[in-house]
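Undergrad: Fold the following for me, if possible:
(chains A, B, C and D)
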4 protein chains.
Amino acid sequence: MNGTIDFDTHIRDPLYGYIGLTKTEQYLLDTTPLQRLRRIKQLANVHLVYPAACHSRFEHSLGVLHVATRMAKQLRIDDEDIINLRYAALLHDIGHGPFSHVFEAPIRDINGSDFSHEEITRRIIQEDQEINPILNNNTEDIIALLSEDHNDLLHQIISGNIDADKMDYLRRDSYHSGVTYGNFDLERILFTLRKKKSRERGDLTIHEKGMDAVESFRLARFLMYAQVYYHHTNVVANGMLQRAINIAFRDAIISTDKIRTSNNSFLQNYLSLDDARLLSLILSNLDSNAAILVKKLERRDLFKRGYIINISQEEDYDFKYKLGTKFTQKKAKQIEEAIAEDCKCDPDFIIADVVKNENTLFKSASTLLEEDKIPILIESDDGRIKEIDSFSTLTYTGKPRTIFYLFCPEEHRQKVQENAREIIIGTI
Amino acid sequence: MNGTIDFDTHIRDPLYGYIGLTKTEQYLLDTTPLQRLRRIKQLANVHLVYPAACHSRFEHSLGVLHVATRMAKQLRIDDEDIINLRYAALLHDIGHGPFSHVFEAPIRDINGSDFSHEEITRRIIQEDQEINPILNNNTEDIIALLSEDHNDLLHQIISGNIDADKMDYLRRDSYHSGVTYGNFDLERILFTLRKKKSRERGDLTIHEKGMDAVESFRLARFLMYAQVYYHHTNVVANGMLQRAINIAFRDAIISTDKIRTSNNSFLQNYLSLDDARLLSLILSNLDSNAAILVKKLERRDLFKRGYIINISQEEDYDFKYKLGTKFTQKKAKQIEEAIAEDCKCDPDFIIADVVKNENTLFKSASTLLEEDKIPILIESDDGRIKEIDSFSTLTYTGKPRTIFYLFCPEEHRQKVQENAREIIIGTI
Amino acid sequence: MNGTIDFDTHIRDPLYGYIGLTKTEQYLLDTTPLQRLRRIKQLANVHLVYPAACHSRFEHSLGVLHVATRMAKQLRIDDEDIINLRYAALLHDIGHGPFSHVFEAPIRDINGSDFSHEEITRRIIQEDQEINPILNNNTEDIIALLSEDHNDLLHQIISGNIDADKMDYLRRDSYHSGVTYGNFDLERILFTLRKKKSRERGDLTIHEKGMDAVESFRLARFLMYAQVYYHHTNVVANGMLQRAINIAFRDAIISTDKIRTSNNSFLQNYLSLDDARLLSLILSNLDSNAAILVKKLERRDLFKRGYIINISQEEDYDFKYKLGTKFTQKKAKQIEEAIAEDCKCDPDFIIADVVKNENTLFKSASTLLEEDKIPILIESDDGRIKEIDSFSTLTYTGKPRTIFYLFCPEEHRQKVQENAREIIIGTI
Amino acid sequence: MNGTIDFDTHIRDPLYGYIGLTKTEQYLLDTTPLQRLRRIKQLANVHLVYPAACHSRFEHSLGVLHVATRMAKQLRIDDEDIINLRYAALLHDIGHGPFSHVFEAPIRDINGSDFSHEEITRRIIQEDQEINPILNNNTEDIIALLSEDHNDLLHQIISGNIDADKMDYLRRDSYHSGVTYGNFDLERILFTLRKKKSRERGDLTIHEKGMDAVESFRLARFLMYAQVYYHHTNVVANGMLQRAINIAFRDAIISTDKIRTSNNSFLQNYLSLDDARLLSLILSNLDSNAAILVKKLERRDLFKRGYIINISQEEDYDFKYKLGTKFTQKKAKQIEEAIAEDCKCDPDFIIADVVKNENTLFKSASTLLEEDKIPILIESDDGRIKEIDSFSTLTYTGKPRTIFYLFCPEEHRQKVQENAREIIIGTI
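TA: Have a look, this model is predicted:
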């Protein structure tokens, strides 16, 4: 595995045995921003469904480093590029806030739509007093490598159709959750990776022999979303948590000023947050609705599904169409208020949400090209390269599985069940 | 696991820990016909591709007993029925000949199209001097349970859409081959099995909560066929072996008389055959083409793919249509002879075959009903039952993956490659 | 598995597939004290060595419930007793403080030697407003069952030589850490468990056929201690954390009053603590040495091994003897102060500790009887029962592996290395 | 993994994912002698206890190639040496007869005590028409490497204390049997392997950090012998099979002439034998006792334990001493005849055997040195090397577990049980 890389430490990993690290990587790992990832759960509230899923983004980052290296070796990428690739892999999630994606919408509301955890990652690499000096001259290369604009082979290894990120998290999340859905044939995919010859540095393709492993990979992704990431218990818990965060900002329990990107100590403030620290801040004012929600989460006293619509199966076309396409944050708020009024309940405790399991990996080549995305490319024995669609005899319709949820406290459930449909129709 | 069943022995199994057996089941297991299954490989020649796949039909039969029992417990089937179900599970493969499916065509050629291993199973249960007395009064029930005509819940547990047979072999064949394709979520399927209420004894359905496990189950089946059972190396090896058997019968190296079902000692003769004994008989005349083929198999000196057409991808519509629909045993023989003449080679050593990976589990409900088969049924939370199509947002086109192979000795490969297409077009 | 128990929910577990829960158990699970176990890591700081080891005591408690039930079924224990056994299993760790064992010494210093997490468990069962009403009339039985004084079969299932607690945590800690040391043959042990016939309710024995599984079980325990629980990185991290807690109490950063067992709201205060909340309290005064230590832990900036003595291998007998037998908390403090003085360092940042891997399960029967403990009992085919010693041809010398550690900040390492031996000799 | 080795093929393996092979290795693999290993079960009759244990010596040979390569990479052995090491690994079991060790005693009786499967391996490498030309100039190096006389580092990798052979078979036999006993921490051992610096090419040592992995490795070996290889059902089955082979030679059912090593076509004759072919030869005369025994084995109609003495536990010292030390083939025969006479039974059907589970890996350094064997060497952090005894606080007494078995047909069991002790005492 280690070609010319000289490892200084080895870390035990349940999926890969040992993961080797160079001295510099070890320094990187021991910085505050990376150690902080130990305190950010990979799957936020999923452990409320699958109690064993308590693993951290730290563990996942090491996994991505390992898989990215194996991909790079298979693709015969230069050692020099591999060094940067490994740094990028370690750092790819460093910009995540507490509870990862849950925190992203609230902080974007404060900072405007430019905000993204990828942008924070860039800033940490450039500005962090511990990380930047370690990376030295490689800083710009690593930022380029991680940037969505820079769609070359190295970038695709970290973030593409079939990338080290997904290949690690699908199997790792399965492993720790105790489910089997994410367990595709990693060895086969690694082994059939090819570099497309036509472009200078080339794109990623999979040899025909690996096509069935790709089939299981893309189904694995779909099923993990359906059964784990979008499990309704996780959806409601994340909804409650996000609501609590929003309230905490709205009611000035947490200062919004400190986490404005324009603030001089923004990075320091942002990096001081982790899962527990955020909850602690919210709980500093026990009377607020935010604290009530967090307290409920801590007892797993979750809101119930007051109303639920499987939009894909909805038979009233007009309703289906509106929910499927016109649902916005603003509409959600209107629905929540209307429902709250009807049950005489605080609108902070009504949550309307639409969850869409999109199956990007199953989209047809034509749809993807319209969206300016690259389809999965398969290389046949004779060297020709085609999109996966034209090889697969197992074609999928890419219809997303879309569900509308209305969550409410147990005591309002019946009332919500009775009146929700009418109220929603009237609102949307 | 053991409710009221009183186990006398426990057998260690790599998939399930321990499999308990009653005293009677132990007696059944220790009969000649069941012990013979130890000497019939579950996957015939697959070990020539995946060297670890040497497991036997004996091990699989125990596995089916175990899974069938767990299904039955979940479906709250009566203990009395479970007893018969377990016997049936143990016995379901007892009629298999050496190398299972490979032997079936040759022996059917001798006995006419009525012959099937299921029919042999029935005769063994009724006539075998060791087995019949153990089963006692239950004989007829077990035969009924195993019969394709008798499509009730118990039969479906052994042989249906989602049955103990497939649920065992997909995971077991994966385990011993070392691949991950067959590794669906058994626990989830078991756990969401339901009995349909409308019919007297009821049919099998899966609760909506298990739908994603079913998605992975049916993809597992498809992928195991694609990557293991229909792997081209297994196809050519089975082709060579079947050719050897055919020649051995044709040239009277093995007496066809002994295995005519009308022969008085047919059962005894049939049951004396196992994988090794059959090869031994063929090798008794070392000069025959049959022995030459077996010798080649023993050295893994396999014929090469002289010509191969992925019919699903073929662009000449007319050719595609003919190969896909008009290919028969007779046409195969004509092609083989024409090719053999062209390369001045013995036609015994040219093998034409079409392999079709059919994806039955992905067929639409309408197609299945036309074929008089039952689609997978899903029960929603509100108790309604629909075919899986209407629930799945991941719909597959059921196009089979069909491949035409022309195998030949290495030395004729080039010639075959050059002329095959023309010869086939001229013949078919 | 479920005999007459009627399960209402099933929870997915990576080791056992699904764990069934009754309605009452589900209520119990959803109480504040049990949900709090989600926020107490099973292995405190072990994740600093094995990054994947982030699992919680909550997950483990479910596991103990499952294994205890399987043991009870094998031993044919009455359903009524099984109900209590399951409650006891769920509750057995409920008295643990933050970071489990790390918190125990500091809180005992405050409350006197009577304090133990077992005692807290008892009080929670009797006094907690959520838990007590659910358990109803069974409260006293469950407390008895969990009590060390009450050494009957049920108690031994939860806490004995070969108990559900160890059988779960060895395999679970292995699983999540990614090591193989704890992976003994659970199925075989379960399967060879026997009830000793001579006493009224009987003791636990293992049939001779399971003796080798017991060998691997006790080695598993030893190796998990050596490689995981007593890994030097975990020892130093726990040492630093415990020091921080002690300082926080000493310097009144955390009020000792609130967690005096005599305080009226003791239980409430105690149960409000979890891993993160404790750290948060310590960090409320950033200037204290306690906060400095916690900050270091968060960056994985650990003290180094300034001096280390493998006492088992030490050749100076006198020194070995003293360290092995005379080392007390008071001596530790004296050593720390002497070292600190020598390197002109704050004694808060010098940690002296002795870690002893005791191998209880390997002790000879005679030693155990002297200690009033029960040896592992093996039942031979003829029904005779003997201690494991007389069956095992693989006898172990029970010598503990004892290591003395002196941890210090990196910058004092060299000085400590030079002078430690002399200073220790002069002090002890 | 692949440094400078250029792999041409990859073979799927359940333990290691993919095993890469060079073109030459692929040629070697496709020779008659290597393909024959597909037809020799790794564990002879163990599948009669663990039905899933049907794997072949072929699969194991690939595994040894893989582990040996990983060891060699860790030890930084030259590429040139690795090439030979890999050939030697592939070939190390090529001299095994049908049913491996079972066949060895009978054929040694014919050829004298010089005969060993290692000697056959040597002859195959030197004389086989397919293998010798492929190996070319390396033949002598490979023979030297495999020779017991040549105890350098390369030899120790294939056959030493901690060698690729054991490290593969313990885990592989566990995997296919479905037991967990053999599952030590391979990754840790590989990772802590060191080359001793003092000798020219150096010996194998393990760094102190890997000592606990070695503890689990040596216990794994002991337990696999106890629970799998020396399981009494395997012992009786192997006993019956060996008896059948002896009778077949004695009664000239199989010609002894053909397999005399002095015979010109010895190698060809020997290599034509595999598990099934040998049974076929024995069954060619259905009237002989040999055929009766084989027929019984095929129905799993095994002899019973008529008398069994756990010599380690025997209390009559004199008897214990004699059985433990004076038991020879000749004595066995006398006992068998005396028992047979007593029950009026054919002595061919009485089998006396002593099975000794020796725990070589637990022997003390002094015992091993007396036997001219090397103890396991551990390298401490400071570079000193000592035998494992002086590091391990877990010392084992090396007493072997020795059992005397007297097997007989069911119908004579009672009589044997009654009189065996007296008869044995009178005979031995």
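
Undergrad: Okay, now the unreliable bits of the stretch 1-150 of chain A?
TA: A:1-4 (pLDDT under 70).

Undergrad: which residues of it fall in strands?
TA: Under the criterion DSSP state E, counting those that start in this stretch, the stretch 1-150 of chain A contains strands at A:9-13, A:17-21.

Undergrad: Out of those strands, which is closest to chain B?
TA: Chain B lies closest to strand A:17-21 among the strands of the stretch 1-150 of chain A, at 16.8 Å (Cβ to the nearest Cβ). To be clear about C-beta, it is placed using only N, CA and C from the backbone, and glycine gets the same treatment.

Undergrad: who does the closest one touch, helix- and strand-wise?
TA: strand A:9-13, helix A:57-74, helix D:186-192 (3 or more Cβ pairs under 8 Å, 6 or more residues apart in numbering or on different chains; DSSP states H and E).

Undergrad: Would you mind getting the angle between it and helix A:57-74?
TA: 80 degrees (axes from the mean of the first three to the mean of the last three Cα atoms, to 10 degrees).

Undergrad: Which strands or helices does whichever strand or helix holds A:Arg172 pack on?
TA: In the assignment (DSSP states H and E), A:Arg172 maps to helix A:164-177. Under the contact definition 3+ Cβ pairs under 8 Å, 6+ apart, helix A:164-177 sits against helix A:57-74, helix A:153-158, helix A:186-192, helix A:211-224.

Undergrad: Between these, which one is closest to B:Phe115.
TA: helix A:211-224 (33.5 Å; Cβ to Cβ).

Undergrad: so how far is that closest one from its chain's centroid?
TA: Distance, stretch centre to chain centre, for helix A:211-224: 17 Å (Cα atoms, centre = their mean, to the nearest Å).

Undergrad: Stretch A:164-177: which residues count as buried?
TA: A:164-177 (16 or more other Cβ atoms under 10 Å in any protein chain shown).

Undergrad: right, I mislabeled it, should have said stretch A:196-215
TA: Buried, per 16+ other Cβ under 10 Å, within stretch A:196-215: A:Gly202, A:Asp203, A:Leu204, A:Thr205, A:Ile206, A:Glu208, A:Gly210, A:Met211, A:Asp212, A:Ala213, A:Val214, A:Glu215.

Undergrad: Take the residues you listed and lay them out in a markdown table including pLDDT and distance to chain C.
TA: Output for the buried residues of stretch A:196-215, formatted as a markdown table (pLDDT from 0 to 100; distance: Cβ to the nearest Cβ, whole Å):
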| residue | pLDDT | distance to chain C |
| --- | --- | --- |
| A:Gly202 | 56 | 33 |
| A:Asp203 | 83 | 32 |
| A:Leu204 | 90 | 28 |
| A:Thr205 | 92 | 32 |
| A:Ile206 | 94 | 28 |
| A:Glu208 | 91 | 34 |
| A:Gly210 | 92 | 27 |
| A:Met211 | 89 | 30 |
| A:Asp212 | 88 | 26 |
| A:Ala213 | 92 | 24 |
| A:Val214 | 93 | 26 |
| A:Glu215 | 88 | 25 |
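
Undergrad: Could you dump these into a markdown table and include distance to B:His101?
TA: Converted to a markdown table, the buried residues of stretch A:196-215 look like this (distance: Cβ to Cβ, whole Å):
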| residue | distance to B:His101 |
| --- | --- |
| A:Gly202 | 43 |
| A:Asp203 | 42 |
| A:Leu204 | 39 |
| A:Thr205 | 35 |
| A:Ile206 | 31 |
| A:Glu208 | 26 |
| A:Gly210 | 27 |
| A:Met211 | 25 |
| A:Asp212 | 21 |
| A:Ala213 | 26 |
| A:Val214 | 29 |
| A:Glu215 | 25 |
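
Undergrad: Mind telling me what element A:Lys296 is part of?
TA: helix A:289-298.

Undergrad: Which residues outside the next helix or strand after that helix are in contact with it?
TA: Using DSSP H and E, the helix or strand that directly follows helix A:289-298 along the chain is strand A:304-310. Around strand A:304-310, the neighbours that count as contacts under Cβ atoms under 8 Å, 6 or more residues apart in numbering or on different chains are A:232, A:236, A:323, A:339, A:350, A:401-410, A:412-413, A:416-417, A:420-421, A:424.

Undergrad: Buried ones among these?
TA: Using 16+ other Cβ under 10 Å, the buried members of those are A:236, A:323, A:339, A:350, A:401-409, A:412-413, A:416-417, A:420, A:424.

Undergrad: Contact residues of chain A facing chain C?
TA: A:11-15, A:17, A:30-32, A:35-36, A:38-39, A:47, A:49-52, A:54-56, A:58-59, A:62, A:175-179, A:275-277, A:279-280, A:298-301 (Cβ under 8 Å from any Cβ of the partner chain).

Undergrad: what angle sits between the helix holding A:Arg172 and helix A:57-74?
TA: Going by the same axes, to 10 degrees, helix A:164-177 makes 130 degrees with helix A:57-74.

Undergrad: In terms of pLDDT, where does A:Asp372 sit?
TA: A:Asp372 is assigned 76 on the pLDDT scale.

Undergrad: cool, the one 5 residues further on as well?
TA: At A:Leu377, the pLDDT value in this model is 88.

Undergrad: Any idea what it is bridged to?
TA: A:Leu377 has these beta-bridge partners by DSSP bridges: A:Glu387.

Undergrad: Most tightly packed of the helices and strands packed on strand A:17-21?
TA: helix A:57-74 (a mean of 24; mean count of other Cβ atoms under 10 Å in any protein chain shown).

Undergrad: what distance separates that helix from the centre of its chain?
TA: So, by Cα atoms, centre = their mean, the centroid of helix A:57-74 is 17 Å from its chain's centroid.

Undergrad: list the helices and strands it packs on?
TA: Helix A:57-74 packs on strand A:9-13, strand A:17-21, helix A:32-36, helix A:79-91, helix A:153-158, helix A:164-177, helix A:186-192, going by 3+ Cβ pairs under 8 Å, 6+ apart.

Undergrad: Export these to CSV and append columns for distance to C:Ile94.
TA: Formatted as CSV, those follow (distance: least, Cβ to Cβ, whole Å):
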stretch, distance to C:Ile94
strand A:9-13, 30
strand A:17-21, 36
helix A:32-36, 30
helix A:79-91, 38
helix A:153-158, 43
helix A:164-177, 24
helix A:186-192, 39
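
Undergrad: Now A:His412: closest residue in space, sequence neighbours ignored.
TA: In this structure, A:His412 finds its nearest non-sequential neighbour in A:Cys343, 4.2 Å apart by Cβ to Cβ, 6 or more residues apart in numbering or on different chains.

Undergrad: how close does that neighbour get to A:Arg250?
TA: Distance, A:Cys343 to A:Arg250, by Cβ to Cβ, to the nearest Å: 22 Å.

Undergrad: And A:Arg194, by the same measure?
TA: Distance from A:Arg194 to A:Arg250, by Cβ to Cβ: 52 Å.

Undergrad: Please identify which of these two sits among more neighbours.
TA: With neighbours defined as other Cβ atoms under 10 Å in any protein chain shown, A:Arg194 and A:Arg250 compare such that A:Arg194 has more, 20 against 16.

Undergrad: backbone phi and psi for the residue lying closest to that one once chain neighbours are set aside, please?
TA: Counting by Cβ to Cβ, 6+ apart, A:Arg194 lies nearest to A:Thr205, which is 4.8 Å off, once chain neighbours are set aside. Main-chain torsions, A:Thr205, degrees, to the nearest 10: phi -130, psi 170.

Undergrad: try A:Arg194
TA: Per degrees, to the nearest 10, the backbone of A:Arg194 is at phi -140, psi 160.

Undergrad: Show the contacting residues for it.
TA: By Cβ under 8 Å, 6+ apart, the neighbours of A:Arg194 are A:Leu75, A:Leu204, A:Thr205, A:Ile206, A:His207, A:Glu379.

Undergrad: gap between the strand or helix carrying the fourth one and the chain center?
TA: Taking DSSP H and E as the criterion, the element that holds A:Ile206 is strand A:204-207. Relative to the centre of its chain, strand A:204-207 is centred 24 Å away, using Cα atoms, centre = their mean.

Undergrad: what does that strand rub up against?
TA: So strand A:204-207 is in contact with A:75, A:153, A:156-157, A:160-162, A:189, A:192-196, A:213-214, A:376-379, A:381, A:385, going by Cβ under 8 Å, 6+ apart.

Undergrad: Alright, I will stop here.
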